[in-house]
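Enquirer: Provided below for reference: sequence and predicted model.
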Amino acid sequence: MVSWSVLLSGQVVNLDSAPFRKNVLIIGRENDSDLTIPSGDVSRRHAEIKRVRTEVKGCFEYFIRDLESRNGTWIKKEKADEKGTR
């Protein structure tokens, strides 16, 4: 099983409990976000993770897209843009 997490201001936030029952997950500071991170470093609507089914049964690709957040969204020192990054 793959474990998903994000690094936020030096603190690891575990995403294993994220509600991936739908194909787009909104991350943000707002209470109605799918994954709420109550931190001043996170914008109200910070980023989205999109799940896309592949041709292999039970497998998905995941894309992250920055939602014009103040601090940006980063993947391994590479900035994600508004188009989506794998």
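Expert: Good, I have the coordinates.
Enquirer: May I see the buried residues of stretch 61-70?
Expert: By neighbour count with 16 or more other C-beta atoms under 10 Å, stretch 61-70 contains the buried residues 64-66, 69. Placement of C-beta: from N, CA and C, glycine included.
Enquirer: How about stretch 37-56?
Expert: For stretch 37-56, a neighbour-count test (16+ other C-beta under 10 Å) marks 37, 42-43, 45-49 as buried.
Enquirer: In helices, which of the buried residues of stretch 61-70 fall?
Expert: Filtering the buried residues of stretch 61-70 for membership in helices, criterion DSSP state H, returns an empty set.
Enquirer: just those residues now: which is nearest K79?
Expert: Closest approach to K79 among these (C-beta to C-beta): D66, at 7.7 Å.
Enquirer: Poorly predicted segments of the protein, please.
Expert: Along the chain, the model assigns pLDDT under 70 to residues 1-11, 13-21, 81-86.
Enquirer: Okay, strands next: where are they in it?
Expert: Assigned strands in the chain, in chain order: 5-8, 11-14, 24-28, 35-36, 47-53, 60-66, 73-75, 78-80 (criterion: DSSP state E).
Enquirer: Need the buried residues of stretch 37-56 in a markdown table (columns: distance to K77).
Expert: Rendered in a markdown table, the data for these read as follows (distance: C-beta to C-beta, whole Å):
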| residue | distance to K77 |
| --- | --- |
| I37 | 20 |
| V42 | 19 |
| S43 | 20 |
| R45 | 23 |
| H46 | 18 |
| A47 | 16 |
| E48 | 21 |
| I49 | 19 |
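Enquirer: Of those residues, which pair is most distant in space?
Expert: Greatest spacing in the buried residues of stretch 37-56, by C-beta to C-beta: S43 and I49 (14.9 Å).
Enquirer: List the beta-bridge partners for E78.
Expert: Applying DSSP bridges to E78 yields these beta-bridge partners: I75.
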